[in-house]
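Participant: The sequence isn't on hand, but the structure is:
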C-alpha cells in the first residue's frame, strides 16, 4: 500500500472587500485579519491594497504603507492612463486603487484586502466580478455608531455629524454585497470574516489546478 503524497493545487487569488460606514469597524477588522495571516505562504496569505489619495496624512500614517499620498495632478494622470482599478471622491478628497499591485498578487494566488466604500466596490465589480468577494459591515445601531466615532477622538463634532449623515446613504447599499455582518463584537465578527475567506478560497472556480489534477487520475 503506497502512501499518498500531498496534493497542492494552484489557486487564483481573490479581491476581498470590507465596506462599512465610518466607525463601524472595518479598519480594525482589516488590520486584525492581516495580522492573522502574517507570515503565511503566498497562496495562503492576504495583503492590503494600498490606495492612492489626495488627502493629507493623518498623525501616524506612513506614505506607501497606509496610502500613497499624491497631489491632484498626479491623481488625474493615473485616472487618465487607466492605472486605477477604481477611484472615488470621498469627503472632499480623491482615492483610488493601483491596478498592477492587485493583478500581480491575484495571479500568484495571494488575496488582496480592500477597505473601500460602495462606490469603489461597484467599480471593482464592473471590472473583475469573478475575482471579487464583498462584505458589508453594519453597526448594531446608529447610536452606537455615533458613540464609536466620538470615542475615536479623531474628528471634530462637525465632521462626526457629516459622517453620521453620510452613513445612512452608505448603509442603503448593503444589498449590493455578497455578505452582510452586524459588528456587535469584534472577535466574533472577525471569525465570521475569516470563515468567509476560507470558504471562498475553496470555490472550484478559484482552484486553477483542478483540470490537470483530474486529468491525471
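Facilitator: Done, it's in. Keep in mind that what you see is a predicted model, and the values were worked out from it rather than measured.
Participant: Can you say which helix or strand has the residue positioned nearest the centre of the chain in it?
Facilitator: Residue closest to the average C-alpha location in the chain (C-alpha atoms, centre = their mean): residue 114, at 1.8 Å. Taking DSSP states H and E as the criterion, residue 114 maps to strand 111-115.
Participant: Next secondary structure element downstream of that strand?
Facilitator: That would be, after strand 111-115 and using DSSP H and E, helix 118-128.
Participant: Who does the helix or strand just after that next one pair with, and is each partner parallel or antiparallel?
Facilitator: As assigned by DSSP H and E, the chain's next helix or strand after helix 118-128 is strand 132-138. Using DSSP bridges, strand 132-138 pairs in its sheet with strand 15-19 (parallel), strand 179-182 (parallel).
Participant: Tabulate the ones you listed (CSV), appending mean pLDDT.
Facilitator: Output for the strands paired with strand 132-138, formatted as CSV (pLDDT from 0 to 100):
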stretch, mean pLDDT
strand 15-19, 97
strand 179-182, 97
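Participant: if we can go back for a sec, got the contact list for the strand holding residue 114?
Facilitator: If you take C-beta atoms under 8 Å, 6 or more residues apart in numbering as the criterion, strand 111-115 is touched by 13-19, 26-27, 30, 33-34, 45-49, 97, 101-102, 105-106, 120-121, 124, 197, 201. C-betas here are computed from N, CA, C, even on glycine.
Participant: Helix 118-128 and that one, what's the angle between them?
Facilitator: Orientation check (axes from the mean of the first three to the mean of the last three C-alpha atoms, to 10 degrees): strand 111-115 against helix 118-128 gives 150 degrees.
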